[in-house]
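> Need a 3D model of the sequence below.
(chains A and B, ligands or ions: 1)
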Amino acid sequence: MNRSHCKRFGVPLSFLVAATFAIFCLGSFSAAKPASSAQDPSKMVAATPATGEEYEIGKLRITSPWMRATPRGATVASGYMTITNMGKEPDRLLSVECDIASTVEVHEMSVSGEVMKMRPLEKPLEIAPGSVVELKPNGYHLMFSRLKQGVNQGDKVRVTMVFEKAGKVEIELPAAGIAAKGPADADKMN
Amino acid sequence: MLRNVRIALWAACALPLLALLAVAGLELTQHSNGVGAYQASGIGGPFKLASSSGGELSSNDLKGTPFLVFFGYTHCPDVCPATVSDVSTWLDALGPEGKDVKALFISIDPERDSVGSLKDYLSSFSDRIIGLTGTPDEIANVAKEYRVYYAKHPTKDGDYSMDHSAVIYLMDRSGKLAGTLTYDEKKEAAVAKLKRLLAAA
Ligand SMILES: [Cu+2]
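The predicted structure follows:
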């Protein structure tokens, strides 16, 4: 975005740009942050709420999987979850499969100015030792493309994820309503 | 090594951020009288597009009507459905007293978004949201008037996603920009802005 374009929007956009930029920067760092600085994974485990699904596979823990119901005729959907690596070695998400979509990839949503961009990750998603990687709206997400069917509120969408070290895990993403903002909205209706 | 990389990355993020803050500060002093900044913005302009509620909708039909307008596409996995459902929530919260305000969702993906697919898609949301699409030229024109950026981004499987501006414009009865909402605006704040838009002459 060039300066003159920016100026036409006046004050609010400049703030928006600065703020989103700041959030974007902070967000991209938290994904790869070592445990020492922020979240201690052993404490995370103890703090995991009783609600919602939770999966443990090798040294990985997957919590709060969820997605949104899709609008009528939608061809794409995104899925979210939190992945914690409690081990001493990095792990990587190699592939994801799901019956209701032709392809599932990890994408990253980003905001630059007020422009939204979505890109597939160029390398497999890495979960560094001791780190917590969040797949959430406006960030990393599982991208379901060429949906074979719509997702309705209350559905549980089964997904197979293959990690380099932890191996294969089958998880279910409960579908929250179309207006849901987070996994809590998916729990509410269960 | 890792430490140096991290410092470099922080610096890479911090520098443009500081620059932006400086710009923001400058503009704040230039346009401290608020409303005037918007009126000078020149956002908006004439259009005539195919409507999901049948026929065409033109900017002439909107004379004297406050409206909100945003741009997106139905093959969008995340931001667009979230925005459309937010707008639905705000309209519901406004209730009957807000019946005057119109809500327009303009597709920036006219190749895939027909009137029919827009209608289908929007049937999952508030029936007050009108979907608009047109020829690629018509869309390019309206996007330009509203200074909305959009671009096709091809994906591996031969499909594409769209990069696009996710701002929501509030247009007053005279067709001038009265404010903006962001896609993650808090409900109370959004509803308050819509009420102000309705109250304005
Ligand atoms: Cu995506």
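
> give the contact list for residue 91.
Using chain A here. Counting by CB atoms under 8 Å, 6 or more residues apart in numbering or on different chains, A:D91 makes contact with A:58-60, A:85, A:126-127, A:163-166. Yep, even glycine has a C-beta here, placed from its N, CA and C like the rest.

> Actually, chain B is the one I wanted.
Going by CB under 8 Å, 6+ apart, B:L91 touches B:98, B:101, B:103, B:126, B:128-129.

> and which of the residues you listed is nearest to the ion?
B:I129 (22.7 Å; CB to the ion).

> Can you name the residues bridging to the closest one?
On the basis of DSSP bridges, B:I129 is bridged to B:A103.

> and it, how many residues sit next to it?
By the criterion of other CB atoms under 10 Å in any protein chain shown, B:I129 has 23 neighbours.

> Of the contacts of B:L91, which is the most crowded?
Busiest of the contacts of B:L91 [other CB under 10 Å] is B:I129, holding 23 neighbours.

> Wait, that residue touches B:T83, no?
No - with contacts counted by CB atoms under 8 Å, B:I129 stays clear of B:T83, the gap being 10.2 Å.

> Touching, A:A77 and A:P71? I think so.
No - counting by CB under 8 Å, A:A77 sits too far from A:P71 to count as a contact (9.7 Å).

> all strands of the chain, in order?
By default, I'm working from chain A. Using DSSP state E, the strands of chain A run over A:54-57, A:60-68, A:77-85, A:91-98, A:101-112, A:115-120, A:125-127, A:132-135, A:140-147, A:156-163, A:167-176.

> Chain B, not that one
B:48-51, B:56-58, B:67-72, B:102-107, B:129-133, B:150-154, B:160-165, B:168-171, B:177-181.

> Can you say which of those is nearest to B:K144?
Minimum separation from B:K144 across the strands of chain B (CB to CB) falls at strand B:150-154, 10.4 Å.

> how about JSON lines for the strands of chain B, with mean pLDDT added?
Putting those into JSON lines (pLDDT from 0 to 100) gives the following:
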{"stretch": "strand B:48-51", "mean pLDDT": "98"}
{"stretch": "strand B:56-58", "mean pLDDT": "97"}
{"stretch": "strand B:67-72", "mean pLDDT": "97"}
{"stretch": "strand B:102-107", "mean pLDDT": "98"}
{"stretch": "strand B:129-133", "mean pLDDT": "98"}
{"stretch": "strand B:150-154", "mean pLDDT": "94"}
{"stretch": "strand B:160-165", "mean pLDDT": "94"}
{"stretch": "strand B:168-171", "mean pLDDT": "96"}
{"stretch": "strand B:177-181", "mean pLDDT": "94"}
